[in-house]
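Asks: below are the sequence and a predicted model; questions follow.
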Amino acid sequence: MTRSTSSAPSQRMLRVGEQVRAAITQVLQRGEVRDPLIEKTVISISEVRMSPDLKIATAYVTPLGMADHGAIIEALNRNAKFIRGRLGPQLRQMKYMPDVRFRDDTSFDNYQKIDALLRSPEVSRDLDSDTDDEKEK
């Protein structure tokens, strides 16, 4: 049996990650976590990446309306074992319940930086000159 050398996640890892994401979202929506910081904050979970053995789930979260994401991430990691315990009924088909780790999702910041870069005058000028060259051909 040949083993895949690709570092891309498998279909199984993607499917389980989405199930874990939905389960964590439900736990947070029901307000089961008794932490004042988590209770008063709207938290968006954009993605859950699973380890290849499906034993570690890394959840990328964005607290909406807060400038300091570190306090929320720390509170979520402090309550990670409790959240893991609440995932059981929704993920009972899994052989092992994954350990959940929470990380700050910086993808939106990266998208904004790329968007600002594409809208900069230098890039706009280059893009406009390319379209002018195509019209001349």
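Replies: Done, it's in.

Asks: please count neighbours and contacts with C-alpha atoms only from this point.
Replies: OK.

Asks: all helices of this structure, in order?
Replies: Along the chain, counting by DSSP state H, helices occupy 11-29, 36-39, 69-78, 80-87, 107-118, 121-136.

Asks: elements contacting the longest one?
Replies: Under the contact criterion of 3 or more C-alpha pairs under 8 Å, 6 or more residues apart in numbering; DSSP states H and E, helix 11-29 touches strand 42-50, strand 56-64, helix 80-87.

Asks: make CSV out of these and add mean neighbour count, mean pLDDT and distance to residue 101.
Replies: Shown next, in CSV, are the helices and strands packed on helix 11-29 (neighbours: other C-alpha atoms under 10 Å; pLDDT from 0 to 100; distance: least, C-alpha to C-alpha, whole Å):
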stretch, mean neighbour count, mean pLDDT, distance to residue 101
strand 42-50, 19, 94, 9
strand 56-64, 20, 94, 5
helix 80-87, 17, 94, 7
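
Asks: right, and the helices of the chain - which one's nearest residue 45?
Replies: Taking C-alpha to C-alpha, helix 11-29 is the member of the helices of the chain nearest to residue 45, at 6.9 Å.

Asks: in PDB, list the C-alpha atoms belonging to stretch 16-33.
Replies: Output in PDB follows, covering the C-alpha atoms of stretch 16-33 (Å, rounded to 0.1, in the frame of the first residue of the first chain):
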ATOM      1  CA  VAL A  16     -14.600  15.200  10.400                       C
ATOM      2  CA  GLY A  17     -13.400  18.700  10.800                       C
ATOM      3  CA  GLU A  18     -16.700  20.100   9.500                       C
ATOM      4  CA  GLN A  19     -18.600  17.800  12.000                       C
ATOM      5  CA  VAL A  20     -16.400  19.000  14.800                       C
ATOM      6  CA  ARG A  21     -16.900  22.600  13.800                       C
ATOM      7  CA  ALA A  22     -20.700  22.200  13.800                       C
ATOM      8  CA  ALA A  23     -20.600  20.500  17.200                       C
ATOM      9  CA  ILE A  24     -18.400  23.200  18.800                       C
ATOM     10  CA  THR A  25     -20.700  25.800  17.300                       C
ATOM     11  CA  GLN A  26     -23.800  24.200  18.900                       C
ATOM     12  CA  VAL A  27     -22.100  24.000  22.300                       C
ATOM     13  CA  LEU A  28     -21.200  27.700  22.200                       C
ATOM     14  CA  GLN A  29     -24.700  28.700  20.900                       C
ATOM     15  CA  ARG A  30     -26.400  26.800  23.700                       C
ATOM     16  CA  GLY A  31     -24.400  28.800  26.200                       C
ATOM     17  CA  GLU A  32     -23.100  25.600  28.000                       C
ATOM     18  CA  VAL A  33     -19.700  27.200  28.700                       C
END
